[in-house]
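**Student:** Structural data only, the sequence is not supplied:
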């Protein structure tokens, strides 16, 4: 028996006459094309949305936007690799109509349109909302760390700087001692020359001066660390008790189809103060009065959960009212409230059993403990609902890290990283909707057309009409 054989490389073959015939009607690349064509790139804020009247013509922002969306959906996110795709990938050739922008043009597009890219993600989210693909009842909120474009060696805190400066001082002193010993002994054996040692000392002193400058900058500002490559990235704890220079990506995911409603990026290692913000964004997008938000203990922060009550009382076991001894309104610096009623304690028969303080009992409670107790009770009553949190919100993170291959950022700065993550979640949502509705149904909703007829079939029909 013979193997299945291919054609000879130098043999003539009859290829389809039209490029459109290489891409099937149910190919997801058609959704990218249809979606981007519906966008008003000028209104979204893309640069060069209107062609220049003079000079060399540039690329249409829609074409480069299509290329990036295709790349993020297919694990190709660097500008150089995208350039290669335009020359070798038949789907990209169809999508860009055989345009082959160079990697610099591709890179500059993402660099110059950070805000507009975020708006594209929001626009697609609004479409999903119009198509009734959100449940609008339960959402889950979570954060995940993505590695920034900054090495741990280029991240400095006061602690690491003190250690490095001390090491350099010892190294400089060692070289100084070596110079003195060489001058005294004048040995014939090979040793570094005086000039070589002095050059090394100069280099160490310059490095020490640089580290001292970083230390002064930390002490004079509110920051705790400095990253020299990406100044906005920070050292964070990641999986398996490791640490890396990262950004903290925040998402809110709807429970109906696990679609991402909104995303944000912060450089705070913790998730504190993000629950009300990002869950509130989902509530605003859905335009609903109530929304159940599920979050883990990383968001367990009273300031984020509620606005503190200004005054309350505490009842002792004997039913006596203990009042807050602080008369001023609660401010942001107040950590706890002290309750007391020395007059009632002085008349109480159980004072000796209650406290050793001669004046009477004082009760200290965190400022929001009453509210936090209610939150704990509500969580305990809804454990079955809370168990859904992980299944809802971890799904997008797992998909873009494993399925789409995005575990780190290629660009520097928080706004640039947010543009990257917007592309990632736009691609995730698009792939999810394809599984839910199908390619033809999505294109129908985007264009308002019932279906597509290939260009070749259309011309063939015209040909038959002319014959008849």
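**Tutor:** Great, that's in hand. The model shown is predicted, which means the values in this text are computed figures rather than measured ones.

**Student:** going forward, measure contacts and count neighbours with C-alpha atoms only.
**Tutor:** Will do.

**Student:** residues contacting residue 340?
**Tutor:** Neighbouring residues of residue 340 by C-alpha atoms under 8 Å, 6 or more residues apart in numbering: 322, 323, 324, 325, 360, 361, 362, 363.

**Student:** Need the worst-confidence member of those residues.
**Tutor:** The member of the contacts of residue 340 with the lowest pLDDT is residue 325, at 63.

**Student:** how about the helices in the stretch 301-450 of the chain?
**Tutor:** 302-305, 342-346, 351-354, 369-381, 383-386, 388-398, 414-437, 439-447 (DSSP state H, counting those that start in this stretch).

**Student:** Pick the most deeply packed of the ones you listed.
**Tutor:** helix 414-437 (a mean of 20; mean count of other C-alpha atoms under 10 Å).

**Student:** Where among the helices of the stretch 301-450 of the chain is average confidence lowest?
**Tutor:** Averaging pLDDT over each of those puts helix 302-305 lowest, since it has a mean of 51.

**Student:** right, and the helices of the stretch 301-450 of the chain - which one's nearest residue 46?
**Tutor:** helix 414-437 (12.8 Å; C-alpha to C-alpha).

**Student:** what angle sits between the closest one and helix 388-398?
**Tutor:** 110 degrees (axes from the mean of the first three to the mean of the last three C-alpha atoms, to 10 degrees).

**Student:** contact partners of helix 414-437?
**Tutor:** 28, 68-69, 72-73, 110-111, 114-115, 117-118, 121, 124, 232-233, 247, 257, 259-260, 263-266, 396, 399-400, 404, 406, 409-411, 442.

**Student:** Apply 7 Å and report the result again.
**Tutor:** Applying C-alpha atoms under 7 Å, 6 or more residues apart in numbering, the external contacts of helix 414-437 come out as 69, 72-73, 111, 114, 117-118, 121, 232, 259-260, 264-265, 400, 409, 411.

**Student:** Narrow these to just the buried residues.
**Tutor:** Neighbour counting over these (16 or more other C-alpha atoms under 10 Å) leaves 69, 72-73, 114, 117-118, 121, 232, 259-260, 264-265, 400, 409, 411 as the buried ones.

**Student:** Pull the most distant pair out of those residues.
**Tutor:** Top of the distance list for the buried ones among the contacts of helix 414-437 (C-alpha to C-alpha): 232 and 259, 28.5 Å.

**Student:** so where do the strands sit in this protein?
**Tutor:** Counting by DSSP state E, the segments of the chain that form strands are 138-147, 155-157, 225-227, 234-237, 243-254, 260-266, 292-294, 313-315, 321-324, 336-340, 362-366.

**Student:** Check the offset of the second one from the chain's centre.
**Tutor:** Averaging C-alpha coordinates over strand 155-157 and over its chain gives two centres that are 22 Å apart (C-alpha atoms, centre = their mean, to the nearest Å).

**Student:** And the longest one, by the same measure?
**Tutor:** Chain-centre distance of strand 243-254: 5 Å, with C-alpha atoms, centre = their mean.

**Student:** Can you give the strand pairings for it, parallel or anti for each?
**Tutor:** strand 138-147 (antiparallel), strand 234-237 (antiparallel), strand 260-266 (antiparallel) (DSSP bridges).

**Student:** thinking again about what came up before, by mean pLDDT, show me the worst of the strands of the chain.
**Tutor:** strand 313-315 (a mean of 68).

**Student:** measure the spatially closest residue to residue 253 that is not a sequence neighbour to residue 126 for me?
**Tutor:** Closest residue to residue 253 apart from its sequence neighbours, by C-alpha to C-alpha, 6 or more residues apart in numbering: residue 260 at 4.5 Å. Counting by C-alpha to C-alpha, to the nearest Å, the separation of residue 260 from residue 126 is 11 Å.

**Student:** List just the nearest of the contacts of helix 414-437 to residue 160.
**Tutor:** residue 232 (18.2 Å).

**Student:** phi, psi of the closest one?
**Tutor:** Note on residue 232: backbone dihedrals following degrees, to the nearest 10 are phi -90, psi -10.

**Student:** Just give me the neighbour total for the closest residue to it other than its chain neighbours.
**Tutor:** Among residues not flanking residue 232 along the chain, residue 413 sits closest, at 5.8 Å (C-alpha to C-alpha, 6+ apart). Neighbours of residue 413 under the rule other C-alpha atoms under 10 Å: 16.
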